[in-house]
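**Q** this one's sequence-less:
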């Protein structure tokens, strides 16, 4: 079944394609203001106090607004108006535009009625205020409206895996070497070296002396046995490292040459895993500081969120928004089903109060969970936006459980297939094609099963990108936090559903199997940034590419691999200017807030092997949503669910 887009009557605002997205939105919505709002209406001063938001379905809000009208030379009129307004959220700027304000009723307070009978007739006031506010556009901070509903909305809860990841811990410097399945080695042309493809660090194998060489930041380590954990400081490096191609994937290794061993360097502890794992590093013996009013102490000498509970005599840590505990730092970590009450009692001004975001039932958790459900909308011009999708060999079709869809894991862009058509999602925009070779055009309808992709699927995040509306010129899309892997589980935000998705390997097209990493919840030390309202990846010890899932990517056009860079970094091994989100394939600036739709202004793909590739096609949509289907029938539940935040 094909899902027709929801029809909205949109008044579009065309803007230059060379401006950054944040500036485009500013042009549309104007500056953020604070209440009260003072207006002038034919000589009368009209003061509107901060609204009491009564309803919000993410597209429209209901409000009750106290109003004071001061006619020239007459007694003031006090009333409360009931109104509705269209809402357009900007998740990056953290603003909401209120537009198309409709005054539905006016309640005049009793004192005004007694002192100004006839002059303050409710219907006359309603008509007057409706005319005054009809042309108003208000830009408010998103926090204002989110806070109003954080404890009122019924939040969805996704299905997650119950499997606990392996958690390593150390009280001295350490790194975590993770391979995505058994190690895959790619021969380096013209040498006897092989390069590790499916790992989070730069690693080489010398086929002549049978040594593995690991580049940990700017420190080279060597071992004969990956599984032993016994690494040494090599006195020399293979001479053939000097013959590495001058390409981006070998840039870090080439920067360390010529090599001189420094015997005074401290060797880190090296942990090894062939699946996604996590790492907790404490700088020496744990230093505990009590948290007033609780049975908790927090560990000062670590960058992890690590606590000790005096009553249970256990350590607790939060990773990817989930809680784990162990009796000792170097002990066995298991998942926590019932978190001690002390975590919800951490004082709001405490340095560790931010972890209450991950404590179900707290106001902080409810607020961030609701934030993740707010949709970001953008409108794409159908004739200007296009993509190029390449495949390693012929497309490989894999059924998606519970749907009629097929996933194509050996594509350079997330692709699904339905009834002979192909659908690709790139930077929160859907494209369609009748043939793998293209051409790819902006999708004007989608199979309804896209919104039913189960959480155990590696393309689950695509179900959070919705086709909202289309006309002959444009298509409107929207995404919520799930596209960036920020999900809601039991009232709190978590990173990813936790299911283990093995890598996709393509055989037969080349002399070696082609590797495609699949999205992973664990292995990157994902942590929640409450300022940006998004999970970020990468911590010390996880590697210069943000950890597991950010390993080499294959380019089927040039037939070689390249290395991406982690989103926003937070990685102490490298200071990269550009950022890369492995889960969505999204580009952004390390020092700036990021939106998937930023690409569609005039962004370039920074490490494209085809060179700079501009992708114009975005306009910011402004207008009144009319929630009805084209034929007047009830909206399909998949589209209607955009109003209540269901995934």
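**A** That came through, no problem. Computed from a predicted structure; not experimentally measured. Numbers count the residues shown, from 1 in each chain.
**Q** When you work out contacts or count neighbours from here on, use the C-alpha atoms and nothing else.
**A** OK.
**Q** Apart from its neighbours in sequence, what residue is nearest residue 137?
**A** Nearest-residue entry for residue 137: residue 99, 4.9 Å, with adjacent residues in sequence omitted and distances by C-alpha to C-alpha, 6 or more residues apart in numbering.
**Q** scratch that, residue 597
**A** Using C-alpha to C-alpha, 6+ apart, the nearest residue to residue 597 is residue 427, at 6.1 Å.
**Q** Double-check that neighbour against residue 483; I have them as touching.
**A** No - using C-alpha atoms under 8 Å, residue 427 is not in contact with residue 483, being 9.5 Å away.
**Q** re the thing from before, okay, now the residue nearest to residue 597: neighbour count?
**A** 20 (other C-alpha atoms under 10 Å).
**Q** Relative to residue 484, how far out is it?
**A** 10 Å (C-alpha to C-alpha, to the nearest Å).
**Q** Secondary structure of residue 63: a strand, I assume?
**A** Yes - membership of residue 63 in a strand is supported by DSSP: H, G, I helix; E, B strand; the rest coil.
**Q** So it is in contact with residue 53, correct?
**A** Yes - Residue 63 is within contact range of residue 53, at 4.5 Å (criterion: C-alpha under 8 Å).
**Q** For residue 178, name its beta-bridge partners.
**A** residue 273 (DSSP bridges).
**Q** Count the residues that sit near residue 462.
**A** 28.
**Q** Give the closest residue to it in space, chain neighbours not counted.
**A** residue 483 (6.1 Å).
**Q** With residue 238 instead?
**A** Using C-alpha to C-alpha, 6+ apart, the closest residue to residue 238 is residue 206 (7.4 Å).
**Q** partner residues bridging the one you found?
**A** residue 193, residue 211.
**Q** That one - how many residues pack around it?
**A** Other residues close to residue 206 by other C-alpha under 10 Å number 18.
**Q** Likewise for residue 102?
**A** Neighbours around residue 102, by other C-alpha under 10 Å: 18.
**Q** Is it part of a helix or strand, or is it coil?
**A** With three-state DSSP as the criterion, residue 102 reads strand.
**Q** List phi and psi for the one residue sitting closest to the centre of the chain.
**A** By C-alpha atoms, centre = their mean, the chain has its centre lying nearest to residue 484, at 2.5 Å. Backbone geometry at residue 484, expressed as degrees, to the nearest 10, gives phi -90, psi 20.
**Q** With residue 362 instead?
**A** phi -80, psi 160.
**Q** From residue 201, how far off is the closest residue to residue 285 other than its chain neighbours?
**A** Leaving aside its sequence neighbours, residue 285 sits nearest to residue 171 (C-alpha to C-alpha, 6+ apart; 6.5 Å). Separation of residue 171 from residue 201 (C-alpha to C-alpha): 21 Å.
**Q** Please say which of these two ends up with more neighbours.
**A** Shown here are residue 171 and residue 201; by other C-alpha under 10 Å, residue 201 has more neighbours (28 against 17).
**Q** Please name the nearest non-neighbouring residue to the more buried one.
**A** That would be residue 543: by C-alpha to C-alpha, 6+ apart, it lies 5.4 Å from residue 201.
**Q** which secondary structure element contains the one you found?
**A** For residue 543, there is no host helix or strand (DSSP states H and E).
**Q** my read: it touches residue 200, true?
**A** Yes - the criterion here is C-alpha under 8 Å, and residue 543 meets it with residue 200 at 5.7 Å.
**Q** between the two, who's got more neighbours?
**A** residue 543 (29 against 26).
**Q** And the pLDDT at the closest residue to residue 132 other than its chain neighbours?
**A** The spatially closest residue to residue 132, leaving aside those adjacent along the chain, is residue 41, at 7.0 Å (C-alpha to C-alpha, 6+ apart). On the pLDDT scale, residue 41 is placed at 87.
**Q** Repeat that for residue 20.
**A** On the pLDDT scale, residue 20 gets 27.
**Q** And for residue 191?
**A** Looking at residue 191, the pLDDT reads 89.
**Q** Does it fall in a helix, a strand, or a coil region?
**A** coil.
**Q** What of residue 355?
**A** helix.
**Q** Toward the C-terminus, what is the element adjacent to the helix or strand harbouring residue 130?
**A** Assigned by DSSP H and E, residue 130 falls within helix 122-133. The first helix or strand that comes after helix 122-133 along the chain, using DSSP H and E, is strand 138-141.
**Q** For the next helix or strand after that next one, buried residues please.
**A** On the C-terminal side of strand 138-141, the closest following helix or strand by DSSP H and E is helix 142-149. Buried residues in helix 142-149, counting neighbours by 16 or more other C-alpha atoms under 10 Å, are found at 142, 145, 146, 147, 148, 149.
**Q** farthest pair in the residues you listed?
**A** 142 and 149 (11.3 Å; C-alpha to C-alpha).
**Q** got the contact list for stretch 55-72?
**A** 43-54, 76-88, 149, 374-375, 625, 642-644 (C-alpha atoms under 8 Å, 6 or more residues apart in numbering).
**Q** In that stretch, which residues are buried?
**A** 55-71.
**Q** Find the nearest non-adjacent residue to residue 400, please.
**A** Nearest to residue 400 is residue 406, by C-alpha to C-alpha, 6+ apart, at 5.6 Å.
**Q** how much space between residue 467 and residue 447?
**A** In terms of C-alpha to C-alpha, residue 467 sits 10 Å off from residue 447.
**Q** quick one: which of those two has more around it?
**A** residue 467 (24 against 18).
**Q** Could you pull up the residues touching the more buried one?
**A** 5, 6, 430, 444, 445, 446, 475, 476, 477, 478.
**Q** about what we covered before: tell me the SS of the residue nearest to residue 462?
**A** Residue 483 - assigned by three-state DSSP - is helix.
**Q** ok, it touching residue 459?
**A** No - Residue 483 is not in contact with residue 459 according to C-alpha under 8 Å; the separation is 9.6 Å.
**Q** ok, residue 383 to residue 514 distance?
**A** 34 Å.
**Q** Ignore what I typed, I meant residue 134.
**A** Taken as C-alpha to C-alpha, the span from residue 134 to residue 514 is 58 Å.
**Q** now residue 212
**A** Counting by C-alpha to C-alpha - residue 212 and residue 514 are separated by 22 Å.
**Q** swap in residue 406?
**A** 20 Å.
**Q** who's more crowded, these two?
**A** Higher neighbour count among residue 406 and residue 514: residue 514, with 25 against 19, using other C-alpha under 10 Å.
**Q** in the sheet, who's paired with the more buried one?
**A** Applying DSSP bridges, one finds that residue 514 bridges with residue 506.
**Q** so what's it up against?
**A** Contacts of residue 514 by C-alpha under 8 Å, 6+ apart are 392, 505, 506, 507, 554.
**Q** Now with 7 Å, please.
**A** By C-alpha atoms under 7 Å, 6 or more residues apart in numbering, the residues touching residue 514 are 505, 506, 507.
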